[in-house]
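In: Predicted model and sequence follow; I will ask about them next.
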Amino acid sequence: MDFLVANIEAIVFFTVAALTVAGGVGVIAFKNPVHSALALLETFIMVAVLFIVRHAEFLAAVQVLVYAGGIMVLYLFVIMLARVKDVTTERVFLSGTAPLAILGGVLLGALVAIGILLGTMASGPGGAAAMQAVDGEILGNTEAVGWLLYTKYLVPFEVVSVVLLVAMIGAIVFGRRDTVAGGPGEGVQS
Amino acid sequence: MISAEPYVALSLILFCLGLIGLMVRRNFITVLMSVELMFNAVNINLIAFSFRLGDLAGQVLAIFVITVAAAEAAIGLGLIIALVRLKDTVALDEADEMRG
């Protein structure tokens, strides 16, 4: 029991990490895209748990709301809409990309290993209290993130809103029937 | 309290899984899901180092990443709908009109 209490964070982390990786493997291994989507949902929720462990409570809520709620439903809509039948039964994988995938994985692994080494050398105040403070004043995590977002990071925040606008217009343009069928201007058949 | 390294290792594994899925899968929808995996790996990394360095900037950046991921999902799924209308398939190697 004492062992459990003393190592609760490590136990939670390794359990959740195993489930996260299992979900990730499921995403790329399941043949049926609906199964992949459910594995992805499981990964999203496990990542939200990791956010809570690292005292990013606001982001955990955003993760569940935006990813598990919004993006996931969008994916399931499209899966239902696209009525995928051809790729589920026949070949699942693209041909001739396995060597590239392995090479990319090895290179990336080396890159991130360097990142881990550099990260272990970096240092800062750290800890849970710093996740709730702005200029040394203790607030909640949500309030602290909000302060930072609307003061120091206001310009990136506005730029991101433009990105969202562009994405919305793009999604509408791609989703319109006439841009695919007959080109702009002549598509009134829908 | 465990340090940042296990989180970075988990992030690495998740990112590589996403990369593999991105490169080897044929189904456009699954490829987009792999990209979401990679976004999540990046977010884990940001949060881990935000905690380690005691700097909330990582969390703010993670919010931006989530926003861009949402935009990417909207655009990508719009592309899938367009591809299905045009070719009646979601297999990526069927869309080869621009092959040189």
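Out: Thanks, I have the structure now. Keep in mind the model is a prediction, meaning the values are calculated, not measured.
In: Could I get the phi/psi values of residue B:88?
Out: Torsion angles at residue B:88 (phi, psi; degrees, to the nearest 10) stand at phi 60, psi 40.
In: any idea how far chain A is from it?
Out: Relative to chain A, residue B:88 is positioned 8 Å away (CB to the nearest CB, to the nearest Å). Just so you know, the C-beta spots here come from the backbone N, C-alpha and C atoms, and that holds for glycine as well.
In: quick one: contacts for that residue?
Out: Going by CB atoms under 8 Å, 6 or more residues apart in numbering or on different chains, residue B:88 touches no other residue.
In: Show the pLDDT at it.
Out: The score at residue B:88 is 82. That number is its pLDDT.
In: repeat for the one 4 residues further on
Out: Model confidence at residue B:92, expressed as pLDDT, equals 82.
In: just residue A:127 next, same as before
Out: Listed pLDDT for residue A:127 reads 66.
In: Which parts of the chain are helices?
Out: No chain was given, so I picked chain A. Taking DSSP state H to define them, one finds helices in chain A at A:2-6, A:8-29, A:33-53, A:57-62, A:72-82, A:86-89, A:98-121, A:141-150, A:154-175, A:177-181.
In: actually chain B
Out: B:5-24, B:28-53, B:57-87.
In: what's the closest of the ones you listed to residue A:51?
Out: helix B:28-53 (5.6 Å; CB to CB).
In: is chain A contacted by the closest one?
Out: Yes - shown here: helix B:28-53 in contact with chain A (CB under 8 Å from any CB of the partner chain) through B:29-30, B:32-34, B:36-37, B:40, B:43-44, B:47-53.
In: Any idea which of the helices of chain A has the lowest pLDDT on average?
Out: Ranked by mean pLDDT, the helices of chain A bottom out at helix A:86-89, with a mean of 52.
In: who touches the spatially closest residue to residue B:81 that is not a sequence neighbour in this structure?
Out: Distances taken as CB to CB, 6 or more residues apart in numbering or on different chains place residue A:175 nearest to residue B:81, at 5.4 Å, with adjacent residues excluded. Contacts were defined as CB under 8 Å, 6+ apart; by that measure residue A:175 touches B:78, B:81-82.
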